[in-house]
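J.: below is the structure, and that's it, no one-letter string:
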């Protein structure tokens, strides 16, 4: 039994609140247990210099934590004058993951800016960010369709992320909270589509190693979690979810 | 009549939600109209180097906006690698204002870190930050009293802040929203105690000037607004408000 | 009696030496007591990006202190690699103040760069900077008129600044030197026109508060000081002072 | 057939030149095809602040590329004044990987600094860095044993890394060079022990996804590559390889 | 004939004004023609970390130019957030030069901070800085002797600096102003003692080369200039000049 | 006798390995004793902004050391976030020196980027960099001639550099290694053409001074060293050396 009473394969309660902030084209407050992230999606009508003139769009992400999202206050990156390696890793991951399920040609020369701001952290902030950002991004892209800017929603599938890990006592577990994450021997972040295809897989032994059998059991757990998360996305996205399902059927 | 239907002397709806974030010693989400700021107060058991050995405490503040708190996305200060002049001005103002109503000797060699993070902006973010930060700080200091670390609450009075300005058509108005702030000829931020004493007064003619009569009318409006804000603080602070009132009586 | 023998309402000796540095279009060394600031004004034939194409000019200011302008050597901001919050506040204040008395439309798409470099500090460096910068700027603008670049002097009035404060023993005093500034309970910088209209008002209780009556007495003192400073400006500016007086009469 | 004539499962020629630079405690020039990395290991007799007093050691890595390691000259990170996200990701990966096969308790309060400087790049620089760094680190640790500072070699197993990927035409391939890497749909870096246990797994779909079957074929290829790399390490390490084998037997 | 009427071997008018700024232990405004530098010397009662515990002193220098010291306004290094290579070269040169004529053992564990701030530039700012800094430093060290902190003046000789160069038309010339410096083919800065011994020699062909004969003629000119500069130093230093002469006689 | 058995006028063994790195247009690994520097030359088809439209080329250099090029590990400049003064001095020196022997008009609007990366240091890294960089640059320029981009090699002479110094016991010596450099009283870097003309001369007394006679003896030694270095350049450059000799004859 885990410290918060969950079974090994049980994900924490998930809530997504669309329209949380009024200004962005897409905005979602996602809670996964006590982890809470404001995910905002902004549309800019141009692409970065290295992309210009190709007729393709781009998706880029930024990630940050409020100083007291954590138990101990952490120093602001703006005060330090630089972004930490951890932050850079996470924002590169979020951008890459979302680009895997958007048809950038159909997006046209536009940039989608994703801002994930963790206001409360209890483990799994990067995977909650991806799951929430996918939802906020789809809402923002939906507006482009509504306004007639785009002919159809350029989202090719559902995308969600979760963490799995190996606990020294419980073995493989799904959706680690902060305490579990701190003591896990293996920590793995999995980004997957609703079809069960892998987009990103980042597994790390923390002063430890893991076998291919363990890897397979971790991926089984992740698939279950992703399934649940996608169900939440579908219910929040409503009509736009149907559009994605049609896109999936066309491609399938 | 103002664009949102308010009279000249009417403040926007104010809501303060205590305990908004779970980790900080004090946490308040303050909304003044559409302006929303998470105000967190953290206690650190030491003071900055220049204060050490004097037996006195210190209060310092940081202020930031989420990129999409605003209508147009603003670049993160962490990405720019430096804090802007505007941010520095605001965080120095917040810290200075709060230090005026805390007995730093009674606080002892502790630092209170105030973090004001604007998640949605519609004018008056710095004054909402001060009003919310006072509340979060008092809650955090209250915990030190509850835990027996401090013998009594070292808060010497209520403190709130609001903005006033001169509209080219309406004249003096209270609590400017973003649209009003953009067109105002004179913009003034007022930090006051519940006793009507001034703590900070920052008035600026934007390519304009103002007379001492206009100054007096602006201060009258500010006093009304501060009164309303303090009433909200009292209802959120409950017992701790009574402690402050006793402190005021002792001094008076 | 104040430590340097002045009465409460007495300003320190003021000297302005025009043409102090040979390269700038306008250059003044201002001394207010022992506070000495080199104020240089440079004309650039373009405006910053956010102003382009509006046919309007811009005024921007930078402020710095030599390391040994002060009793203790302070570290250079270039060595620290960043400008402090205090410096940013001051340079924003200087620019804003000057813009209030220049007709930016008449200036055309030009930038006036103001550089205030404190070579010796004894309190009141920001207000001395504004008073000297106004003079240097007017000289530089006068050259544009002399050279036929501008048809008339775009300065709409005289502008000067001084500090006032509340001494724990002497009460309200005018033009605080460093020692007085360090012990003052309330510190206020006032930027005013020769007509007695306010441009900037920044009053701060240092771990203290002040009443509206005290505010009024402080503003009375400030008006007296400003009057003296403007007399000095007039005598240094000669013919250009007459131009400003004519501009004032036209508007009046 | 691949562009350089290799089969899908064929690794490029590997050379490791120990003692390449004279000053470091361990130094190896590793070549994997045209990719060349100088891997230096330095021993410092203390640990970073967050590790002090625990009696444990630490391993940290830095990675850099010469500007003309690449076909187009890249700007130096020292000129830019900051380390890129890509560099940070890589140096965090190298450090984490090495820490998985060193008994940090046996190392004692010492830091091993790994410097991987790519002097010529043709794909796979981060995996070549890990493979070379393991060798340089073991040589440096061997010196501590020779000098009697450590009683035994604190290396618990062999560790090497390679890349695998999915080519749009050839399917799964081992050890991608720069051209292959640029066109691959899926790119995966695998860090493994000689026992076939995973230490790090980082798989990324580049605007693409991959199935679990594909993942398994990629891991099969990686295992083959790792096997070859470890054979090279053994031949370079000589006696120290025997020590590691003994450590493995003890644990097994 | 040179553009300002001087002969090839003629130095510009030199003025040194001691006590120019009131706070520093030593302060000199030096003018060499139109080049004007405020040279301040500060005494700090400790040495930098790398010098501690050796009983020796240290001398370090900082150099800066006001933005309008030059004909075109230059951007402040504090605004750029970094010190340029040119500035670093100059401040390293000033510090090194002064250390050559101070007995650092006799100075004891103290640091002399030299600040050279160019308020008006017309060529030769770095050599004027050295000549003025020597004078300011000697005044500051004299105060330590007067106050009984040091038993004797630790200055072992007079030190001054000047520039020489090769003009495409006039050949070798002494003490180049800005216009001459811009067109010179060879530019050389010479730091020398009153005894004619070299301390620093920095000669540069600007897309040109020079022979050893030319080098010798340049050094002859430099010696003459240094002689004149030292005479000025002696007259400003008064009694302290006699102390230095005695120190020279002791050593000679 | 020197510590490594050389006579006072003996240079260390010199080796230059052309084509060391495959990507750059010109690449040389130069060894002078144990000092080893990778010198890469890159051609860019444009010049920096301040040079545009003049039809002239530019040469710029960057210099860096690997952290373990030295006995003690030095911190990377990219980690510090800034380039040190020493590095800036050296890279400015390298660029300036090379520009003295290239006809920038014949080069046309192109930039030559020189990268000198010290992989192993034992004194004289800046002079070895210049000698190697000249060779790499000539190879790169030769390619422009081979490809028909340039009609002739725009190199007007051979250029090499060495260090000389005054040892407290041995007097004047040539080509100081690290140990000699650390104890030398005078340290001088000399950049010369094959014709014996000076390009750069930087002599420094380290808390010491030197006479003009000593200067002359140092320059005699330097000439000998430069002669040897140019012989090595000629043998590496082959045909391109003949081109330079023809250029020299034309000018002579």
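T.: Structure received. In this text the structure is predicted, and so the values were computed from the model without any measurement.

J.: going forward, measure contacts and count neighbours with C-alpha atoms only.
T.: Will do.

J.: do you know how far residue A:198 is from residue F:99?
T.: Applying C-alpha to C-alpha, to the nearest Å, the value for residue A:198 to residue F:99 is 55 Å.

J.: more crowded one of those two?
T.: Legend: neighbour count by other C-alpha atoms under 10 Å in any protein chain shown for residue A:198 and residue F:99, higher for residue A:198 (25 against 20).

J.: quick check, the more buried one in contact with residue A:162.
T.: No. Counting by C-alpha atoms under 8 Å, residue A:162 is not a contact partner of residue A:198; they are 11.9 Å apart.

J.: mind listing what residue A:19 touches?
T.: Taking C-alpha atoms under 8 Å, 6 or more residues apart in numbering or on different chains as the criterion, residue A:19 is in contact with A:26, A:27, A:28.

J.: most neighbours among the residues you listed, please name it.
T.: Within the contacts of residue A:19, residue A:27 tops the neighbour count with 31 neighbours, counted by other C-alpha under 10 Å.

J.: does that residue really touch residue A:16, like I thought?
T.: No. With contact defined as C-alpha under 8 Å, residue A:27 does not count as touching residue A:16 (9.9 Å).

J.: where does pLDDT dip in the stretch 51-200 of chain A?
T.: Applying pLDDT under 70 to the stretch 51-200 of chain A flags no residue at all.

J.: where along it do the strands fall?
T.: Taking DSSP state E, counting those that start in this stretch to define them, one finds strands in the stretch 51-200 of chain A at A:58-65, A:111-120, A:159-167, A:171-174, A:186-193, A:198-205.

J.: now the shortest one: buried residues?
T.: So that's strand A:171-174. Judged by neighbour count using 16 or more other C-alpha atoms under 10 Å in any protein chain shown, the buried positions of strand A:171-174 are A:172, A:173, A:174.

J.: hmm, that strand touching chain D?
T.: No. Under the criterion of C-alpha under 8 Å from any C-alpha of the partner chain, chain D is not reached by strand A:171-174; the shortest gap measures 15.3 Å.

J.: contact partners of that strand?
T.: Contact with strand A:171-174 is made by A:8-11, A:162-167, A:214, A:217-218, A:221-222, A:225, as judged by C-alpha under 8 Å, 6+ apart.

J.: what about the closest residue to residue A:241 other than its chain neighbours, which helix or strand?
T.: Leaving aside its sequence neighbours, residue A:241 sits nearest to residue A:234 (C-alpha to C-alpha, 6 or more residues apart in numbering or on different chains; 5.3 Å). Using DSSP states H and E, residue A:234 sits in helix A:212-237.

J.: now the residue nearest to residue A:241: how far from residue C:89?
T.: 49 Å.

J.: and what of residue A:156?
T.: Separation of residue A:156 from residue C:89 (C-alpha to C-alpha): 50 Å.

J.: for chain D, what's the nearest residue on the stretch 1-150 of chain A?
T.: Proximity of the stretch 1-150 of chain A to chain D (C-alpha to the nearest C-alpha) peaks at residue A:100, 3.9 Å away.

J.: touching, that residue and residue D:186? I think so.
T.: No. In this structure residue A:100 lies outside contact range of residue D:186 using C-alpha under 8 Å: 11.0 Å.

J.: near chain D, which residues of the stretch 101-250 of chain A show up?
T.: Residues of the stretch 101-250 of chain A lying near chain D (C-alpha under 8 Å from any C-alpha): A:101, A:196-212.

J.: keep only the contacts of residue A:19 that also lie close to chain C.
T.: Of the contacts of residue A:19, not one also sits near chain C (C-alpha under 8 Å from any C-alpha).

J.: redo the residues you listed as CSV? Include pLDDT, distance to residue F:114 and secondary structure.
T.: CSV is the format used below for those (pLDDT from 0 to 100; distance: C-alpha to C-alpha, whole Å; DSSP: H, G, I helix; E, B strand; the rest coil):
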residue, pLDDT, distance to residue F:114, secondary structure
A:26, 98, 48, strand
A:27, 98, 49, strand
A:28, 98, 50, strand
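
J.: nearest to residue C:54, of the residues you listed?
T.: Of all the contacts of residue A:19, residue C:54 sits closest to residue A:26, with 33.6 Å by C-alpha to C-alpha.

J.: dump the residue contacts of the closest one.
T.: Listed by C-alpha under 8 Å, 6+ apart, the contact set of residue A:26 reads A:18, A:19, A:40, A:41, A:42, A:136, A:137, A:138, A:139, A:140.

J.: now do it against residue A:56, distance only.
T.: 21 Å.

J.: what of residue A:16?
T.: 30 Å.

J.: comparing those two, which residue is more hemmed in?
T.: Shown here are residue A:16 and residue A:56; by other C-alpha under 10 Å, residue A:16 has more neighbours (24 against 18).

J.: isn't the residue nearest to residue A:241 up against residue A:245?
T.: No. Applying C-alpha under 8 Å as the test, residue A:234 and residue A:245 come out as separate, 9.6 Å apart.

J.: backbone phi and psi for the residue in chain A that chain E sits nearest to, please?
T.: Of chain A, the residue with the smallest distance to chain E, taken as C-alpha to the nearest C-alpha, is residue A:81 at 11.4 Å. Backbone torsions for residue A:81, taken as degrees, to the nearest 10, come to phi 80, psi 10.

J.: what number of residues lie near it?
T.: 16.

J.: any idea how far chain B is from it?
T.: 4 Å (C-alpha to the nearest C-alpha, to the nearest Å).

J.: ok, now which ones touch that residue?
T.: Applying C-alpha under 8 Å, 6+ apart to residue A:81 gives the contacts B:78, B:80, B:81, B:82, B:83.

J.: recalculate using a threshold of 7 Å.
T.: B:78, B:81, B:82 (C-alpha atoms under 7 Å, 6 or more residues apart in numbering or on different chains).

J.: so who does residue A:74 touch?
T.: A:67, A:68.

J.: how about it, phi and psi?
T.: phi -100, psi 150.

J.: picking that back up, ranking the strands of the stretch 51-200 of chain A by burial, who's on top?
T.: strand A:159-167 (a mean of 28; mean count of other C-alpha atoms under 10 Å in any protein chain shown).

J.: centre of the chain to that one, how far?
T.: Relative to its parent chain, strand A:159-167 has a centroid offset of 11 Å by C-alpha atoms, centre = their mean, to the nearest Å.

J.: can you give me the angle that strand makes with helix A:212-237?
T.: Following axes from the mean of the first three to the mean of the last three C-alpha atoms, to 10 degrees, one obtains 140 degrees for the angle between strand A:159-167 and helix A:212-237.

J.: what does strand A:159-167 rub up against?
T.: By C-alpha under 7 Å, 6+ apart, the surrounding residues in contact with strand A:159-167 are A:124, A:127-128, A:130-131, A:134, A:172-176, A:183-194, A:218, A:222, A:225-226, A:229-230.
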